[in-house]
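1. Sequence first, predicted coordinates after that:
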Amino acid sequence: MKHIIKPLLSNGKKVISNGADVVAKNGLNGNGNGIESLARASANAEVAKVKANRSTFVPKVEENRIEVTNHALDDSVDNHLTRKRDTVDVSRPLDELEQVLLKNLEDVGITDANLQFPRRKKGPLGEATTLYRNYGQEWLAKSGRPQKESLYAELDGERFFTDIKDKPAGRLSIRNVRDKLDESIRTGTARDIAIIEQTLDEKDLRTWHRSLKTQRGWEAHHLNMIKLISNIVNGMEAEGRTAIYKHLGRRYNLFTGNSVFNKVNLPPDIHDWVHAEMDRIGINYRKIKFDKNTPIKQRMKYIKDYAKKMDEIQRFIYKKMSQRPSVASKLN
């Protein structure tokens, strides 16, 4: 032992250690009894320290698997898979593009559409602007379905959609998806405020939509859902919420907000299946009912279970992606 400073015996006397030899005082004769007394006294001192600092220790938490048996949830998953938003490449010949757009309108019951008139000024889609904008107008006026279910237009790797510019008049404009996402960060909706807070590196807010450029027709996916992470920290003070975000990254490699490590690009169908699989195994923000009275122990328990489930999701993504010939060829 080296330099043991002032350990106490039961009689209150001091023992001094120097190098490897223990020099005993007050009756310690080196026969082993003094060393045993010293060991007991040291142990007792450590116990006292532990009791004094017990509040700083995190209790061991047993794993608790979340089982999903809600048939209504299963139905909602099935419905989600039928609401996939497809993309049409508008660089194809105009007559082919017109037929694709007309067929999509026919699928929702619109059989009398004329996409040639009125003529529109060239916009971000060039010659295709008239066809796509008239398609959006027909969808809005006659389909009875949400505009978010209509086709994206894709040109040179960028996606566009028809957006209502003047709601009272119902006028449409063609907008770039990335521009819309960047604008949403500045508007301050509840989701956007959550993204800003969860993004620990501020520069990621300006680069997330432009990093890891997606292949044509693919979609960007937050591995750790914004709403779910918000619900985990609901009711906590700002400092505590930030501590949770850091803990997720440092302990589990689960990064939040618009971190570049919280993004994966997926084909639309696999993107839908990933969300369905998350629902199936119990990763659902609606199930998190935390508030200001929720103890940190309960939050940490959920996070531990959530991290294991996210490992499953990562394996699911790899399995589904590696089954694609175009992806598998790059893995070999």
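-> Looks like it came in fine. All figures in this text were calculated on a predicted structure; none of them were measured in a lab.
2. and the residue lying closest to T130 once chain neighbours are set aside, what does it touch?
-> Excluding its sequence neighbours, the residue lying closest to T130 (C-beta to C-beta, 6 or more residues apart in numbering) is R120, at 4.3 Å. Every residue, glycine included, has its C-beta placed from N, CA and C. Residues near R120 by C-beta atoms under 8 Å, 6 or more residues apart in numbering: 129-130, 133-134.
3. Among those, which lie within strands?
-> If you go by DSSP state E, the contacts of R120 have nothing in strands.
4. tell me which of those is nearest to Y306?
-> Nearest to Y306 among the contacts of R120 is R133, at 43.3 Å by C-beta to C-beta.
5. The closest one against I174, yeah?
-> Yes. Using C-beta atoms under 8 Å, R133 is in contact with I174, at 5.9 Å.
6. Give the intersection of the neighbour lists for those two.
-> With C-beta under 8 Å, 6+ apart as the test, R133 and I174 both reach 123, 162.
7. Check the burial of N114 by counting its neighbours.
-> As a burial measure, N114 scores 9 neighbours (other C-beta atoms under 10 Å).
8. Excluding residues flanking it in the chain, which one is nearest it?
-> N134 (7.5 Å).
9. Tell me which stretches of the protein form helices.
-> Using DSSP state H, the helices found in the chain span residues 33-52, 71-81, 94-107, 129-138, 177-187, 190-198, 204-207, 226-232, 238-252, 268-280, 296-322, 325-331.
10. And R133, how far from G217?
-> In this view, R133 and G217 are 21 Å apart by C-beta to C-beta, to the nearest Å.
11. Looking at these two, which is more packed in?
-> Shown here are R133 and G217; by other C-beta under 10 Å, R133 has more neighbours (21 against 15).
12. mind showing which ranges of the stretch 51-200 of the chain have poor pLDDT?
-> For the stretch 51-200 of the chain, the stretches with pLDDT under 70 are 51-84, 165-170, 181-188.
13. hmm, 80 instead?
-> Along the stretch 51-200 of the chain, the parts satisfying pLDDT under 80 run over 51-85, 164-171, 178-190, 192.
14. check contacts around E312.
-> I281.
15. same question, T242
-> Going by C-beta under 8 Å, 6+ apart, T242 touches 197, 200.
16. I'd like to know how far the residue lying closest to I195 once chain neighbours are set aside sits from N224.
-> Closest residue to I195 in three dimensions, ignoring its sequence neighbours and counting by C-beta to C-beta, 6+ apart: G257, at 5.1 Å. To N224, G257 is 9 Å away according to C-beta to C-beta.
17. E127 now?
-> Applying C-beta to C-beta to E127 and N224 gives a distance of 41 Å.
18. The two: who's more crowded?
-> Shown here are E127 and N224; by other C-beta under 10 Å, N224 has more neighbours (23 against 12).
19. So the more buried one is in contact with I313, correct?
-> No. N224 lies out of contact with I313 (C-beta under 8 Å); the separation is 9.8 Å.
20. The longest strand that the chain contains packs against which elements?
-> Among the segments of the chain that qualify as a strand by DSSP E, the longest is strand 158-166. Using 3 or more C-beta pairs under 8 Å, 6 or more residues apart in numbering; DSSP states H and E, the elements in contact with strand 158-166 are helix 129-138, strand 152-155, strand 171-176, helix 177-187.
21. Looking at the ones you listed, which is nearest to Y245?
-> helix 177-187 (17.5 Å).
22. Quick check: the closest residue to V274 other than its chain neighbours vs G136, distance?
-> The shortest distance from V274 to any residue other than its chain neighbours is 6.1 Å, reached at I317 (C-beta to C-beta, 6+ apart). To G136, I317 is 32 Å away according to C-beta to C-beta.
23. and the two? which has more neighbours close in?
-> Set side by side, I317 and G136 show more neighbours around G136, with 23 against 19, by other C-beta under 10 Å.
24. Now do the same contact list for R119.
-> So R119 contacts T130 (C-beta under 8 Å, 6+ apart).
25. same thing but 10 Å
-> With contacts defined as C-beta atoms under 10 Å, 6 or more residues apart in numbering, R119 is in contact with 129-130, 134.
26. cool, E106 as well?
-> 112-113.
27. now do A190
-> Per C-beta under 10 Å, 6+ apart, neighbours of A190: 226-227, 230.
28. Which one of these is nearest to A41?
-> Of the contacts of A190, the one sitting nearest to A41 (C-beta to C-beta) turns out to be S230, at 51.3 Å.
29. And the closest one, how far from K103?
-> S230 is 40 Å from K103, by C-beta to C-beta.
30. So for these two, which residue has more residues nearby?
-> Using other C-beta under 10 Å, the more surrounded residue of S230 and K103 is S230, with 21 against 9.
31. Quick check: that one touching Y285?
-> Yes. Using C-beta atoms under 10 Å as the test, S230 is close enough to Y285 to be in contact (7.7 Å).
32. Run a quick neighbour tally on the closest residue to N253 other than its chain neighbours.
-> Taking C-beta to C-beta, 6+ apart, and ignoring the residues beside it in sequence, N253 has F261 as its nearest neighbour in space, at 7.7 Å. Close neighbours of F261, defined as other C-beta under 10 Å, add up to 14.
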